[in-house]
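1. give me a model of this one.
(2 chains)
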Amino acid sequence: MTRHAARWLLAACLLPLAQAQADITLKLVEVLTSPERTETLKGLVSAFEAQNPGTHVEITSLAWSSAFEKFATMVSAGDSPDVVEMPDRWLSLYVKNGNLESLEPYLAQWSETKGLNDRALEMARAVDRTAYLLPYGLYLRALFYNKILFKQAGIAAPPKTLDEFRADAKKISAIPGKSGYCLRGGPGGLNAWIMFGAAMAGNNVFFSPDGSSTLSGADWIKGTAWMVDLYKEGLAPRDSVNWGFNETVAGFYSGACAMVDQDTDALIAVAERMQPDQYGVAPMPKGPGGKAFPTVGYVGWSIFKSGAHKDLSWKLIKVLNDPAGNLIWIKRVGALPVYKASEKSPIYSSDQLKGWFAELADPDEVPTIMPTNLPGFAYFADSLVVKTGQQALLGQISPEVMNRQWAAYLTKAKLKQVGGK
Amino acid sequence: MNWRRAQLAAEPYCYTLPAVLLICAVILVPLFIGLTYAFHDVRLLDPTSGDFVGLDHFRELRDDPAFWNALRNTLTWTIASVALQFSLGLILALLLNRVFPGRALVQLLVFLPWAIPSFLSGLNWAWLFNPVVGPLPFWLHALNILSAPDNLLSDPRHALWGPIAANVWWGIPFFAITLLAALQSIPADIYEAAAIDGAGPWVRFRSITLPYLAPTMAITILLRTVWIANFADLIVIMTKGGPADSTQILASYIFTQAFQRLDFGYASAIATVLLALLLAYALALLALRSVFVRQR
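-> Numbering: from 1, shown residues only, chains lettered A, B, ... in the order given. Below you'll find the model as predicted:
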């Protein structure tokens, strides 16, 4: 009510200034909010408003921790935005619900489309082979390691294989009060389970051709059991069974644990508190099959079908995500580039970032997209895996039972997805 | 004449009508709609949902170990929190009811936790239990309560006691305030008369203070129990229901089902069970209170 009143009041005040044509308001929702990020977004948006007189963009900023439920309720209540920042794991939910506009016609006409790298286009088309989002950045896991602790434990280089990883973690954990691995047992822990599981299994195939999940297979269980043993043997802090993003990053920069798998965005917090020569970033260690499967995620911009000004919405996305706008944006959010040309930008020249580009260049480091396009993936990753993963780490259930529960859920979701088409 | 009588009889209802309509519109109607969800397949952002499923959700509930675990945790959480808040609050109220220098200041300090947002106190307590920065693990270890200075919140056997401690700290002032107000309304001459008749402190407490406090106690305990059973803030902030569901209570389980699984139907079924349990509890306590008051 009051917001409405305030808007009327504002409108009344601006009336004398308004131009002859009716003003258009576009609604833009960001979901991975931080104050600095919102400022950058506002800067990009005001450039758009300057190019399109009479158009206003109303930004709604949702905090990531509650964004999923808030945005889902907003959309269910009919309060849909025109443009939304769309994370990979929500994409299929909104596509299947018929909310998103295909971007293919726009991409076909846009001159910058050919500048996008293959990975970006593949991700844009993750659901139904149709581009429902334009990715702005990639988030790829790599291994952060603490050079001081490595030196103290007498280790010369970051681990290249899982065996070395384990041996290094053991040596570091022998230092009183230190642990080898900043394990993430709480929210967001799925990436590590998948990476170690796939490295042990030697592949990143989540489903067999008949649609049943492969996660209950013996080789996948070997990987999850490997991680459970790591925790049980005390090579990760006991506390870490509850850790999420902030705790693992804090555990790493405070020196409580020496290795953490993280995306580029963790660099922002780590670089603030550690000197560049105190830590390094290396490709994820490889499994017995000689391959590693670092998980890759992506976020982009999507247009809602319900919006009345779709062409204008696309114009807004173009401003946000053309090579120039995108470079400003990914520098702020700490993501890997979606444009081939941006890879050579000076913002990617630091020693730490070379770790990621080394990972991308190595054919045995296979960037792995988790099955985020399944309906019900959000619940799987944020609830089921957290709960059963903690049960396994604490020894309440065996890794085998855990993997079987995951496979049962994923198989059901897959069949639903295939049947629903 | 008859018409006039009918008018008179209807008059009070006319006065209450606006309030009744308002209550219906903002409480009963949403409540009823929420209850109907329990019998439907209601999933957010799923175009195929919406069918009537009868008692399916309740059958699923019966076979859902996570539900029973959450129910057990709800009982532990509620009983321990209310019992500790109440007994410590009562002791505080009795202490503050005496006159001593600096009483106003002490009263103010005692009521301070109540003024702190639950979100903030949850965060503070989570840090207090964290062995990297918090002192509590070391104190508990020194007192031989913990075998090693680890984080209580990551131990599935005892994790629930972390949020309970925070809740007790946060909720004591509520009981202290209300019981102190009730204590101050007891006429002092009754105590004097009892003292002259030779009643000692314990007899005076049992025969005067307790009966006078009983109505306030019953109603505050009732309110707090319902409140705490539904109060998931501290748990969500401190442990998110983990590790491994060991601190999941029904209220937080409902939240998980509704907003992570987007299954409003199943969440409503759990909420219906919780509602029925709390209603039964409230009726039992009110019946008990009327028996107690009549005895007096």
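2. so which bits of chain B are right by chain A?
-> Residues of chain B lying close to chain A (CB under 8 Å from any CB of the partner chain) are B:44-48, B:66, B:130-132, B:150-151, B:153-154, B:156, B:239-245, B:256, B:258-262. Every C-beta, even on glycine, is put in place using the N, C-alpha and C of the backbone.
3. show me how to select, in ChimeraX, the buried members of those.
-> Selection of the buried residues among the residues of chain B next to chain A in ChimeraX, burial being defined by 16 or more other CB atoms under 10 Å in any protein chain shown:
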select /B:44,45,46,66,130,131,150,151,153,154,156,239,240,241,242,243,244,245,256,258,259,260,261,262
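4. in helices, which of the residues of chain B next to chain A appear?
-> B:A66 (DSSP state H).
5. centroid residue for the chain?
-> No chain in the question, so chain A it is. A:G297 (4.1 Å; CA atoms, centre = their mean).
6. meant chain B actually
-> B:I228 (2.2 Å).
7. flag every buried residue along the host helix or strand of that one.
-> Element membership for B:I228 (DSSP states H and E) is helix B:210-229. Neighbour-count burial for helix B:210-229 flags B:212-214, B:216-218, B:220-222, B:224-226, B:228-229 (criterion: 16+ other CB under 10 Å).
8. tell me what that helix is packed against?
-> helix B:65-96, helix B:161-184, helix B:264-295 (3 or more CB pairs under 8 Å, 6 or more residues apart in numbering or on different chains; DSSP states H and E).
9. would you mind finding the most buried of those helices?
-> helix B:161-184 (a mean of 21; mean count of other CB atoms under 10 Å in any protein chain shown).
10. please tell me how far that one is from the chain's geometric centre.
-> How far helix B:161-184 lies from its chain's middle: 11 Å, per CA atoms, centre = their mean, to the nearest Å.
11. helix/strand/coil for A:D229?
-> Here A:D229 is recorded as helix under DSSP: H, G, I helix; E, B strand; the rest coil.
12. look up how far chain B lies from it.
-> A:D229 sits 17 Å away from chain B, going by CB to the nearest CB, to the nearest Å.
13. looking at the buried residues of helix B:210-229, spot the one nearest A:E36.
-> B:I228 (38.5 Å; CB to CB).
14. so of the residues of chain B next to chain A, which ones are in strands?
-> Among the residues of chain B next to chain A, none falls in strands (DSSP state E).
15. mind listing residues that contact the helix holding B:I228?
-> With contact meaning CB atoms under 8 Å, 6 or more residues apart in numbering or on different chains, helix B:210-229 is reached by B:74, B:77-78, B:81-82, B:85-86, B:167, B:171, B:174-175, B:178-179, B:181-183, B:185-186, B:249-251, B:274, B:278, B:281-282, B:285-286, B:288-289, B:292-293, B:296.
16. report how many residues lie close to A:S254.
-> For A:S254, the tally of surrounding residues (other CB atoms under 10 Å in any protein chain shown) stands at 14.
17. wait, what's in contact with it?
-> B:V132.
18. would you mark the buried spots in stretch A:85-102?
-> So for stretch A:85-102, counting by 16+ other CB under 10 Å, buried means A:85-97, A:99-101.
19. what pLDDT, on average, does it get?
-> The average of the pLDDT scores along stretch A:85-102 is 89.
20. and for stretch B:21-41?
-> pLDDT averaged over stretch B:21-41 gives 89.
21. what of stretch A:337-347?
-> 84.
22. list the buried residues of that stretch.
-> In stretch A:337-347, counting by 16+ other CB under 10 Å, buried: A:337-339, A:342.
23. circling back to that earlier point, just the ones in strands from the buried residues of stretch A:85-102, please.
-> Per DSSP E, the buried residues of stretch A:85-102 map to strands at A:85-87.
24. tell me which stretches of the stretch 51-200 of chain A form strands.
-> Assigned by DSSP state E, counting those that start in this stretch, the stretch 51-200 of chain A shows strands spanning A:55-61, A:83-87, A:134-140, A:142-146, A:179-181.
25. pick the most buried one from those.
-> Of all the strands of the stretch 51-200 of chain A, strand A:179-181 has the most neighbours on average by mean count of other CB under 10 Å, namely a mean of 27.
26. which residues are in contact with that strand?
-> A:165, A:168-173, A:230, A:234-237, A:240, A:256-260.
27. mark which of these are buried, thanks.
-> For those, buried by 16+ other CB under 10 Å: A:165, A:168-169, A:171-173, A:230, A:235-237, A:240, A:256-260.
28. quick one: distance of the helix or strand harbouring B:Q7 to the chain centre.
-> B:Q7 is located in helix B:2-23, with elements delineated by DSSP H and E. When distances are taken as CA atoms, centre = their mean, helix B:2-23 is centred 36 Å away from the chain's centroid.
29. over to stretch B:29-44?
-> 24 Å.
30. the residue nearest to the centre of chain A and chain B: what is the separation?
-> From A:G297 to chain B the distance is 18 Å (CB to the nearest CB).
31. same deal with A:A341?
-> For A:A341 relative to chain B (CB to the nearest CB), the value is 37 Å.
32. so that residue makes contact with A:N117?
-> No - assessed by CB atoms under 8 Å, A:A341 is found out of contact with A:N117, at 9.5 Å.
33. how about A:A292, phi and psi?
-> phi -130, psi 160 (degrees, to the nearest 10).
34. next, count neighbours for it.
-> 28.
35. tell me what it is bridged to.
-> A:E365 (DSSP bridges).
36. correct me, but it touches A:D261?
-> No - counting by CB under 8 Å, A:A292 does not reach A:D261; the two are 10.5 Å apart.
37. circling back to that earlier point, need the overlap of contacts for A:A341 and A:N117.
-> Counting by CB under 8 Å, 6+ apart, A:A341 and A:N117 have no contacts in common.
38. and for A:A292 and A:D261, which residues touch both?
-> A:195, A:284.
39. who's in contact with the residue of the stretch 1-150 of chain A found nearest chain B?
-> With CB to the nearest CB, the shortest gap between the stretch 1-150 of chain A and chain B falls at A:E69, namely 3.5 Å. When contacts are counted by CB under 8 Å, 6+ apart, A:E69 touches B:258-260.
40. with pLDDT added, can I get the residues you listed in a markdown table?
-> Shown next, in a markdown table, are the contacts of A:E69 (pLDDT from 0 to 100):
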| residue | pLDDT |
| --- | --- |
| B:A258 | 84 |
| B:F259 | 81 |
| B:Q260 | 78 |
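41. nearest to chain A, out of the residues you listed: which one, please.
-> The nearest one, if we look at the contacts of A:E69 relative to chain A and count by CB to the nearest CB, is B:F259, at 3.5 Å.
42. wait, doesn't the closest one sit right on A:F71?
-> No - the criterion here is CB under 8 Å, and B:F259 misses it with A:F71 at 10.7 Å.
43. shared neighbours of these two, which are they?
-> What both B:F259 and A:F71 touch, as defined by CB under 8 Å, 6+ apart, is an empty set.
44. name the nearest residue to A:T25, sequence neighbours excluded.
-> Once flanking residues are discounted, A:T25 sits nearest to A:H56: 4.8 Å by CB to CB, 6 or more residues apart in numbering or on different chains.
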